[in-house]
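S.K.: how would this look folded up:
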Amino acid sequence: MESQMEKENCQAEAWTAGMMFQITRVKGEEEWIETDDDCAQFCRCLGSDEFEFVQINRYLSDSVFYTISHGTVCLQDYFMEQIDSILKSYGYQNLNYGTYGINVEPIPDSQLIAEVVFETYFKEFEEERRYSGYVIAEKRIKEIINME
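M.R.: Presented below is the predicted three-dimensional model:
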């Protein structure tokens with residue numbers, strides 16, 4: 001079983017340039033937008049604080065394999081302390097929650113908050129199937145976002 005650190009190390013590696021597909025929007029009832037091209041992460045808004053995400057995860061063990069994380073993040077399901085801790089791990093240190101102050105950062109929008117929650121808890125959304133190649137995992141992403 002891979003650790004969070006191994007997952008983060010995998011995300012930090014550069015993807016082979018020819019392996020990524022570039023799509024910014026997919027037409028439909030709710031539009032999918034590509035939010036991270038390093039891992040083919042797509043998002044669509046389901047409500048003001050609810051978002052659906054999908055992404056490819058790359059693992060290194062005895063061999064390289066890929067998985068898909070796919071799920072819905074509803075911000076109301078998380079305590080403010082959890083969200084604050086996650087945002088701080090992404091570098092937000094002096095968040096503005098409606099107060100004025102020196103060196104205060106504006107709080108990110110709901111989509112960005114949901115994205116960092118999804119990335120933090122990606123294992124909870126991970127499908128069981130492993131893919132031997134990026135192109136095969138990419139095909140699954142395309143199925144989910146109705147590109148095929």
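S.K.: burial measure for D49, as a count.
M.R.: 16 (other CB atoms under 10 Å). Any C-beta I mention is one placed from the backbone N, CA and C, and that applies to glycine too.
S.K.: from D36, how far off is the residue nearest the centre of the chain?
M.R.: Centroid check for the chain by CA atoms, centre = their mean gives E119 as the closest residue, at 4.3 Å. To D36, E119 is 8 Å away according to CB to CB, to the nearest Å.
S.K.: so, low pLDDT: which residues of the chain?
M.R.: 1-29, 94-107, 148 (pLDDT under 70).
S.K.: just the strands in it please.
M.R.: 25-26, 32-36, 41-47, 50-60, 64-74, 95-96, 105-106 (DSSP state E).
S.K.: determine which of the ones you listed approaches E81 most closely.
M.R.: Evaluated with CB to CB, the strands of the chain place strand 95-96 nearest to E81, the distance being 12.2 Å.
S.K.: count of residues packed around F42?
M.R.: For F42, using other CB under 10 Å, the count is 26.
S.K.: overlap in contacts of E119 and D36?
M.R.: By CB atoms under 8 Å, 6 or more residues apart in numbering, E119 and D36 have these common neighbours: Q55.
S.K.: tally of neighbours for Y90?
M.R.: 14.
S.K.: so what's it up against?
M.R.: V116.
S.K.: over to it: give its phi and psi.
M.R.: Per-residue torsions, Y90: phi -100, psi 10 (degrees, to the nearest 10).
S.K.: I83 versus that one, what's the distance?
M.R.: 11 Å.
S.K.: separation between M147 and D62?
M.R.: Counting by CB to CB - M147 and D62 are separated by 32 Å.
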